[in-house]
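Participant: From the sequence below, what's the structure:
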Amino acid sequence: MKQISFYLKNADDFNACLRAFREVCPENASAVLVSVFSGWPEAAALSLVARVRAALPEAVVVGSSTSGEILSGAMSLRTTILSFMVFREANVQAHLVDFTAMSPAEAVASLRESCRSLPSLAGLELLLSVNDSRAYEFLDALNDFPKDLPVFGGAAGDTDDLSKYVFAGNRVLHEGVVVVCFSGEELHIRVNLTLGWRPLGPCFRITAMEADNVITEFNHQPASQIYKKYLSASQEDFALEKLLFPLLLERGDGRMLRLPYRATPEGALLVGADCRLGEKVRLAYGDPNEILDASYGVRMDIMTFEPEAILLFSCISRRIFLQEDANQELRPFQIIAPNAGLYVQGEVGRRDGEDVAMLNMTLVSVSFREGPREASRPPQMPPPPPPKQLTGTMRLVQHLANFVAVTSAELETANRRLLELATQDRLTGLYNRGEIESILQKALSGKRPEECCLSAVMLDLDNFKRVNDTYGHAVGDETLRWAGKVLKQCVGQRGAAGRWGGEEFIAILPGTALADAKEIAEDIRRTLFEGYTLPDGKRVTASLGVAEFPADGSFTAFYRALDDALYRAKQTGKDRVCAAGEETD
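Facilitator: Purely as a prediction, here's the structure:
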């Protein structure tokens, strides 16, 4: 395949571009896709499209309005990009989805039926003229397609006359989607996603929403309050050009960004794509170092793919944030392969196995190749990235971002240490009593008593006072550490081990019946006895009590049963395990 792209400052440039394309266009092409990414007003762009279709009647012509155009690793404004992708064997079809005529679910059903006739579906490109609940429903329905099918694209940008449109052939849509279907056994498509925003501050949970992209509460407080508290942001600050601090949310195994573009007087936030109730979010800030480093990392991955063409869909927020340094992010792609693209107001992309989703503030790079990689060619590796020579205010932002990254890392390390101190026993490293009780409560939370299957083991070192009195507290501490190590080792991933206090320890075993818990207790007793000796060669022993959470759901009864079992082990000779409800020999 081959990609040949041009940018037009005005319609008079078209004839020269067409001649240049025809001079280098390969013969006997299986398909030609012409992408028109235009920052012109709708009438001017569609007039150009009509000329393209007249000149190349066999080509598939699609496109979108833009918030900036990309060609050969450089950004331009209020121009039009003509990108010709010429395929040797692959097939290309365009489908229009008009949301005024059908629902998103109906549209995906129709698309699925159309795709059945395509041999070896290789990827779907989506050009959307809307970014609302209809778009999210459409993308969600696409998850019925194979998880390894590349899906990519973006939501149309605003032109100078504020028009937002997509088109295919002679039809233009203001409320719909153009879907480009790529097929062919030898066609390979790879999608890469680049972020570059770092988390900032504490984590919040979405606790109330009005719509897919309207968040009303974080942690049961008005959503906009976190921007007011941490950034002193007023309601007027939520314009795209003013407040580039998105929300970083966790979804599945990945992260994605959501940019608030308006706050209501009631404190709700309208964001640039869908969110879900219960999702965790944090504020995020743009780090130019991270953005440029991420671009280099993606470039390394793409070079191993050996693409013949690249399409780029980048969020307008990245252009606004990087300002005159936007080209530093784009330039590396030109070293790899011909490329063209646009700035959009919502990006679509997914990695293998993940869901199709609307993204914010992301660069989606899409690599194309027909045929296998050249086996004789050694893997290409890009040269090291050049020093980041940012200009203007970006140089100041670069320094501030580095300061925030370092101090945030230090604070997170300190917070983790504080959490450890609050939840762990310092001597043994096990959970302390407060945390082990909390773990027990969480293990049983929301369950009816008859649904609970949980046992516990209570351990008490025998004659421990004599160990301290005879050998000193240093040996006593070492003995406690050994007991903690044995408990943790024997419990493993089956539960949680904690120090109850003094020489007493406890193990919580969710999903473990009494008989199995007793076997674990026997393993603890035996390992403790066999693996450690005191300075004079004597062994350390322990008494253990085992109990199962009672059917009446009473914590008091549970603790009493544990304590009674432990007491019987002590009273009947020590160095043994007794289970609640069992007769002692």
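
Participant: all contacts plus neighbour counts: C-alpha atoms, from now on.
Facilitator: OK.

Participant: Any regions of the stretch 451-585 of the chain where pLDDT drops low?
Facilitator: 451, 551, 583-585 (pLDDT under 70).

Participant: now the strands for it?
Facilitator: Ranges of strands in the stretch 451-585 of the chain, per DSSP state E, counting those that start in this stretch, are 454-461, 496-501, 504-510, 542-548, 577-579.

Participant: what helices or strands is the second one leaning on?
Facilitator: Using 3 or more C-alpha pairs under 8 Å, 6 or more residues apart in numbering; DSSP states H and E as the contact criterion, the secondary-structure elements in contact with strand 496-501 are helix 433-444, helix 473-491, strand 504-510.

Participant: any chance of the ones you listed in CSV, with mean neighbour count and distance to Ala309 too?
Facilitator: Shown next, in CSV, are these (neighbours: other C-alpha atoms under 10 Å; distance: least, C-alpha to C-alpha, whole Å):
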stretch, mean neighbour count, distance to Ala309
helix 433-444, 16, 53
helix 473-491, 19, 54
strand 504-510, 24, 54
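
Participant: Dump the ones you listed into a markdown table; add distance to Glu27 as well.
Facilitator: A markdown table is the format used below for those (distance: least, C-alpha to C-alpha, whole Å):
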| stretch | distance to Glu27 |
| --- | --- |
| helix 433-444 | 68 |
| helix 473-491 | 70 |
| strand 504-510 | 69 |
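
Participant: so which of those gets nearest Ile81?
Facilitator: Ile81 lies closest to helix 433-444 among the helices and strands packed on strand 496-501, at 57.3 Å (C-alpha to C-alpha).

Participant: Quick one: residues in contact with stretch 434-445.
Facilitator: By C-alpha atoms under 8 Å, 6 or more residues apart in numbering, the surrounding residues in contact with stretch 434-445 are 423-424, 452, 496-498, 508, 510.

Participant: 7 Å instead, please
Facilitator: 423, 452, 498, 508, 510 (C-alpha atoms under 7 Å, 6 or more residues apart in numbering).

Participant: ok, which stretches of the stretch 1-150 of the chain are helices?
Facilitator: 14-24, 42-55, 104-115, 133-141 (DSSP state H, counting those that start in this stretch).

Participant: highest average neighbour count across the strands of the stretch 451-585 of the chain?
Facilitator: Highest mean neighbour count among those (mean count of other C-alpha atoms under 10 Å): strand 542-548, with a mean of 28.

Participant: nearest residue to Met209 other than its sequence neighbours?
Facilitator: Distances taken as C-alpha to C-alpha, 6 or more residues apart in numbering place Ile215 nearest to Met209, at 4.5 Å, with adjacent residues excluded.

Participant: Hmm, Leu269 and that neighbour touching each other?
Facilitator: Yes: proximity of Ile215 to Leu269 meets the contact threshold set by C-alpha atoms under 7 Å, at 5.2 Å.

Participant: Next, show the common contact partners of these two.
Facilitator: With C-alpha under 7 Å, 6+ apart, Ile215 and Leu269 have common neighbours Ala223.

Participant: Turn the strands of the stretch 451-585 of the chain into TSV, columns for distance to Asn432.
Facilitator: TSV is the format used below for the strands of the stretch 451-585 of the chain (distance: least, C-alpha to C-alpha, whole Å):
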stretch	distance to Asn432
strand 454-461	14
strand 496-501	5
strand 504-510	10
strand 542-548	19
strand 577-579	23
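
Participant: what about these, which gets the closest to Ala74?
Facilitator: Short answer: strand 496-501, nearest of those by C-alpha to C-alpha, at 55.6 Å.

Participant: what's the angle from the closest one to strand 504-510?
Facilitator: Computed by axes from the mean of the first three to the mean of the last three C-alpha atoms, to 10 degrees, the angle separating strand 496-501 from strand 504-510 equals 150 degrees.

Participant: quick one: contacts of strand 496-501?
Facilitator: 425, 430-433, 436, 487-488, 505-509.

Participant: can you do 8 Å?
Facilitator: Against strand 496-501 from outside (C-alpha under 8 Å, 6+ apart): 425, 428, 430-433, 436, 439, 484, 487-488, 491, 505-509.

Participant: Right, I'll call it a day here.
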